[in-house]
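Participant: please find the sequence and the predicted model below.
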Amino acid sequence: MNAFIYEKTLWDKGIKHIACCDEVGRGCLFGPVVAAAVILKPYQYIDGVKDSKKLSEKKRRMFYHEITEKAEAIGVGIISVGTIEEINIKNASKLAMKMAVEKLTTNRGIKLTPEAMLIDAETIDLPYNQEAVIHGEDHVHGIAAASIIAKVTRDHMCLDWHLKYPEYGLDQNKGYGTKAHREAILVHGPSPMHRMSFLKKILEHKR
């Protein structure tokens with residue numbers, strides 16, 4: 001990661017509070033989409049933080065706690081399956097990121113308004129200077145941090161859902177369309193928290 005190449009352009013303009021945003025669960029068959037927004041102090045670097053998909057579960061949890069302690073502010077947005085089905089996953093992902101930015105709060109419970117945003121591959125409906133960064137988790141330190149916050153948050157939710165719907169193996173697949181998950185859907189049918197619009201091919205194959 002070329003640290004701070006995007007952030008420095010903003011810092012040089014006197015902009016300090018940059019909200020970095022990412023989402024997880026966009027491709028899942030089950031459950032909501034979750035987004036996180038993180039504001040780090042200028043030039044604050046947490047060694048080892050990178051795209052959550054490139055970290056082990058143990059390291060993600062470790063960095064989750066470190067980011068939570070060190071970040072100036074964190075916000076999380078969660079958009080339900082019902083809304084995903086109503087407005088589609090792309091719009092739901094953008095809405096989750098918007099919600100995450102609007103919920104940015106310090107460790108002391110104080111709301112923090114960003115001056116600019118760096119977002120993984122999207123722009124969202126907020127009146128702040130913003131830039132969509134392709135493969136943002138690999139190029140912006142704050143977006144990588146946001147990806148960890150979102151991923152760990154959603155993974156914890158999956159463990160709770162697993163208790164209610166153990167037949168789908170959500171503790172292992174985290175809602176993604178693994179072979180075992182698809183087979184479980186064919187055997188047991190979809191749950192109320194499955195995204196039916198994502199299951200058309202699977203269910204058509206069963207018929």
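Facilitator: The structure has been received and is ready for your questions.
Participant: tell me the contacts of Glu72?
Facilitator: For Glu72, the contacting residues are 17, 39-41, 106, 112, by CB atoms under 8 Å, 6 or more residues apart in numbering. From N, CA and C alone the C-beta is placed, and that goes for glycine too.
Participant: spatially central residue for the chain, please.
Facilitator: Glu23 (2.5 Å; CA atoms, centre = their mean).
Participant: what is it paired to in the beta sheet?
Facilitator: Following DSSP bridges, Glu23 is listed with bridge partners Ala35.
Participant: that one reaches Ala150, doesn't it?
Facilitator: Yes - between Glu23 and Ala150 there is a contact at 6.0 Å, judged by CB atoms under 8 Å.
Participant: list the buried residues for the helix or strand hosting Lys90?
Facilitator: Using DSSP states H and E, the element containing Lys90 is helix 89-102. By 16 or more other CB atoms under 10 Å, the buried positions in helix 89-102 come out as 89, 92-101.
Participant: and the next helix or strand past it?
Facilitator: strand 116-120.
Participant: quick one: strands adjacent to that following strand?
Facilitator: Applying DSSP bridges, you get strand 18-24 (parallel), strand 129-133 (parallel) as the partners of strand 116-120.
Participant: and the gap between Glu85 and Gly75?
Facilitator: From Glu85 across to Gly75, the span is 24 Å (CB to CB, to the nearest Å).
Participant: again with Ile87
Facilitator: Distance from Ile87 to Gly75, by CB to CB: 20 Å.
Participant: with neighbour numbers in mind, choose between these two.
Facilitator: Gly75 (25 against 13; other CB atoms under 10 Å).
Participant: in the sheet, who's paired with the more buried one?
Facilitator: Under the criterion used (DSSP bridges), Gly75 bridges to Ala37.
Participant: thought it was touching Ala37?
Facilitator: Yes - with contact defined as CB under 8 Å, Gly75 counts as touching Ala37 (4.4 Å).
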